Structure formats: structure tokens, C-alpha cells
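>>> sequence and predicted structure, then a few things I'm wondering about:
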Amino acid sequence: MELLKCSNLNKNYGKKKVLKDINFSITDGKIIGLLGKNGTGKSTLIKLINDLLVPTSGDILILGKEIGVESKEVISYLPERTYLDKTMTVRQVIDYFVDFYEDFDKNKATSLLKDLDLDIDEKLIKMSKGMQEKVQLVLVMSRKAKLYILDEPLGGVDPATRDYILDTILNNFNEGSSVIISTHLIADIERILDEVIFIDKGKIILTGDADEIRSRENASIDEVFRRMFKC
């Protein structure tokens, strides 16, 4: 059974068609890059999968069931913008996640925060945007979810930190789970990708195994992306 399946998915805002006939499926044990320029529909697709928007038409199934309360229990979602209460300390946020999510691993969160040299007793409001995003990533990756969905997880961090964050993603999602990473920073994440989905102007224009695409095109995923989008 597919972990995630999108069938004939469309999303309109009035007369504007943002997503057009999106079809793809994801099995477990994969890291998938949802790749495209800004404004191509990546975040809209992610919000639909997380039940934050309603499709105009089409279907989204998580483990064979329609999205809803049950799907939220198996998806760990990192939005593009932080949603945490910035008046809280990191410790208070962790305790909140412990109470809210049965699958949250407090010990893992504490260990990852230490690795990133983040002060557990510091208030979020006193942290930089990049530090806040690191905290949020730690919270997301410390759940024992079936599907992790990360919307631009590298956008607010310095290049020196990106490799550590990618290794954190690679080493901390559960066996039998999958990860979707939405980004336009393809060169930074390419090394960890198993599969890719290229989206442009609301349509999927290429999808497949990352190694097979590299071999067929005799180029890196980043190079293929630049060719297709004429970057």
C-alpha cells in the first residue's frame, strides 16, 4: 500500500489554477525532493496533504485513507514559517510537544538540541530566525511519524549548518517512514534524495528515481533542474 497517493489533484483560487492534475504516489523508506522554483505550487500541495487547504477536485490518500484526524497522527510537518509561541522557552515547547504528540521522543529532541548548540532554557523570541527554524526542525524530526513533510527546511540557515541539518534528517526519520523535502536549493539536498518530483506552474513535469534520472541525463539533479527551468 502506498504511504501517500495523490490522484487528479487540482486546486484553484477563484479562476487561478494553482495545481493542475497532480498524480503521484510515495512508498515507505524514501527521501523525496519536491523541487521547483518559488511560486510553482509546492507549498500549496504540501498544505493540501496536511489538510490545511481543501482540494478543488481530486483525491489524497494517506495509507489508503482520506486525509483527516488519522492522517495528522502519522504526518510530522515542518511549515515554511515558524508557528511556535515565541514567548515560550525551548524547554516549554518540548513539554508542549510531549503532551500533544504520543509519538514525540523527548530524549531525541534534547540530544539534537545539544548537537546544534541550542540553549533549552532560552526563549524563542531571543533567538535568530535560523535558530528558531533549527528548533522547529528538531521538534518535527523527534516524532516517530510515518511521513515527514519539510517545507524549505534550509531556507533560513547558513550554509555551514545545512550539511548537519541534512544529516539530521537522514539519520532521524524512522525505518519504514518517508520524507518529502520541498525546496529550490537543489544542490544542497541532492546527495540525500532517493526520488524527485519536479513541479512547474502547478504541474508535475518530471518524477522518478534520482539515480536513474542522473544516469539517463548524464547530469546531476541540480543540472537537470537548471536545464528544464533555464536557470
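Thanks, I have the structure now.
>>> then the least confident helix or strand in the chain by mean pLDDT to CSV, C-alphas only?
For the chain, the helix or strand with the lowest mean confidence is helix 159-172, at a mean of 79 (criterion: mean pLDDT, DSSP states H and E). C-alpha atoms of helix 159-172 as CSV (Å, rounded to 0.1, in the frame of the first residue of the first chain):
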residue,chain,number,x,y,z
PRO,A,159,25.5,27.1,4.5
ALA,A,160,27.7,25.7,7.2
THR,A,161,24.7,24.4,9.1
ARG,A,162,22.9,22.8,6.1
ASP,A,163,25.0,19.6,6.0
TYR,A,164,24.3,19.0,9.7
ILE,A,165,20.6,19.5,9.1
LEU,A,166,20.6,17.2,6.2
ASP,A,167,22.4,14.5,8.2
THR,A,168,19.9,15.1,11.0
ILE,A,169,17.1,14.4,8.5
LEU,A,170,18.9,11.4,7.0
ASN,A,171,19.6,9.8,10.4
ASN,A,172,16.5,10.5,12.3
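>>> in it, what's buried?
Neighbour counts over helix 159-172 (16 or more other Cβ atoms under 10 Å) mark 161, 165-166, 168-169, 172 as buried. In short, each C-beta sits where N, CA and C put it, glycine included.
>>> need phi/psi at residue 6.
Dihedral pair for residue 6: phi -110, psi 130, per degrees, to the nearest 10.
>>> show the contacting residues for it.
22-25, 45, 49, 58-60 (Cβ atoms under 8 Å, 6 or more residues apart in numbering).
>>> how close does it sit to residue 61?
Using Cβ to Cβ, to the nearest Å, one gets 8 Å for the distance from residue 6 to residue 61.
>>> who's the residue nearest the centre of the chain bridged to?
Among the residues of the chain, the one closest to the centroid is residue 150, at 1.7 Å (Cα atoms, centre = their mean). Legend: beta-bridge partners of residue 150 under DSSP bridges are residue 78, residue 181.
>>> give me the distance between it and residue 133.
11 Å.
>>> can you select the buried ones from the contacts of residue 6 in ChimeraX?
Per 16+ other Cβ under 10 Å, the buried members of the contacts of residue 6 correspond to this ChimeraX selection:
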select :22,24,45,49,58,60
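>>> could you dump the contacts of residue 6 to CSV with secondary structure, pLDDT and distance to residue 67?
Output for the contacts of residue 6, formatted as CSV (DSSP: H, G, I helix; E, B strand; the rest coil; pLDDT from 0 to 100; distance: Cβ to Cβ, whole Å):
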residue, secondary structure, pLDDT, distance to residue 67
22, strand, 97, 14
23, strand, 97, 16
24, strand, 96, 15
25, strand, 96, 15
45, helix, 96, 13
49, helix, 96, 7
58, strand, 97, 12
59, strand, 96, 9
60, strand, 97, 5
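>>> and the contacts of residue 6, which is closest to residue 73?
residue 49 (14.1 Å; Cβ to Cβ).
>>> quick one: residues contacting the closest one.
So residue 49 contacts 4, 6, 60, 62, 67, 75, 149 (Cβ under 8 Å, 6+ apart).
>>> residue 67 now?
Remark: with contacts taken as Cβ under 8 Å, 6+ apart, residue 67 is in contact with 49-51, 60-61.
>>> and the gap between it and residue 48?
For residue 67, the distance to residue 48 - Cβ to Cβ - is 8 Å.
>>> now do the shared contacts for the two.
What both residue 67 and residue 48 touch, as defined by Cβ under 8 Å, 6+ apart, is the set residue 60.
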